[in-house]
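Colleague: Got a predicted model here, sequence first, then my questions.
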Amino acid sequence: MSIHPTAVIDPKARLAPSVRVGPYAVIGPEVEISDETEVGAHTVIEGPTRIGRRNKIFPFASIGLIPQDLKFRGERSEVVIGDDNRIREFVTIHRGTTGGGALTKVGNDNLLMAYVHIAHDCILGDHIILGNGATLAGHVIIEDYATIGAFCGIHQFCRIGRHGFIGGYTVITQDVLPYSRTVHEREAKVYGVNVVGLRRRGFSEERIERLHQAMRLLTQSKLNTTQALEQIRQTLDQDEDVAALIRFVESSERGVIK
């Protein structure tokens, strides 16, 4: 174990032998860090927090502190972070609250760029990119392979569908459709399918075209959402992607951005 002599580590913290801790880092009790994770200089980690393998946490990150929720009264809650994440400078990840399941969770192989804020009870999947300064209010869900541009603000209880792309400075107040490109500074709008991202991830042109057709019916036709979903069911093959899009819309509680 490589721990800089200026680091302060509580005796109740549990660190794997291959963990590296940089200068002036502070690690509190009830923190568990697994193999080959690196903790950068001046990082602060409080518990209960569990961090998986091969994560790289850059200087001045803050993980596992209490949430910025005025209803929080010190109840037990935690942060869980998976494997192979890159958590850049000044990222903040807060613990959950009783009202949201008492858990803030980050999956695997995510890139959280500098100054990203992940508030209480947010749940992130895998292979997500959050640009510099992106801010998630509480209870946000982000599905796999989503990309959030720099300085985006995501309202509480919103969901970002898988493979969705949100352009920089966009304010999100409703759910973002899977596979979509959503961009606007004040009033977010869908601008078709996230073609570039899907091609990079190996989607065939046939899969992308079916999503184009479904997205046109949902966002560009004069049909309301219920009518558009029925038309999608009647006219398009129900492959995995189209079915996922339909499920996402039908399960939305805040409505979706169209």
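Modeller: On my side now, so go ahead. For clarity, every value in this text was computed on a predicted model and none was experimentally measured.
Colleague: mind giving me the domain split of this structure?
Modeller: According to automatic domain parsing, the chain comprises the domains 2-139, 198-250.
Colleague: Which one of those lies nearest to residue 173?
Modeller: domain 2-139 (10.1 Å; CB to CB). C-beta: built from backbone N, CA, C; applies to glycine.
Colleague: so how far is the first residue of that closest one from its last?
Modeller: Counting by CA to CA, to the nearest Å, you get 36 Å between the two ends of domain 2-139.
Colleague: Name all residues that make contact with residue 250.
Modeller: Contacts for residue 250 (CB atoms under 8 Å, 6 or more residues apart in numbering) come out as residue 229.
Colleague: Oops, could you answer that again for residue 106 instead?
Modeller: 79-82, 85, 93, 112, 118, 124.
Colleague: Turn those into CSV, including secondary structure and distance to residue 130.
Modeller: Output for the contacts of residue 106, formatted as CSV (DSSP: H, G, I helix; E, B strand; the rest coil; distance: CB to CB, whole Å):
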residue, secondary structure, distance to residue 130
79, strand, 16
80, strand, 17
81, strand, 14
82, coil, 15
85, coil, 11
93, strand, 11
112, strand, 5
118, strand, 8
124, strand, 8
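Colleague: and those, which two are the farthest apart?
Modeller: Farthest pair in the contacts of residue 106, by CB to CB: 80 and 112, 14.7 Å.
Colleague: Compare those two (neighbour count), which wins?
Modeller: residue 112 (28 against 18; other CB atoms under 10 Å).
Colleague: Surely the more buried one and residue 89 touch.
Modeller: No: Residue 112 is beyond contact range of residue 89, at 10.2 Å (criterion: CB atoms under 8 Å).
Colleague: how far is stretch 40-48 from where the chain is centred?
Modeller: Here stretch 40-48 is found 20 Å from its chain centre; the criterion is CA atoms, centre = their mean, to the nearest Å.
Colleague: same for the lowest-mean-pLDDT helix or strand in the chain, what does it pack against?
Modeller: Using mean pLDDT, DSSP states H and E, strand 189-193 stands out as the lowest-scoring helix or strand of the chain, at a mean of 88. Strand 189-193 sits against strand 180-183, helix 205-219, with contacts defined as 3 or more CB pairs under 8 Å, 6 or more residues apart in numbering; DSSP states H and E.
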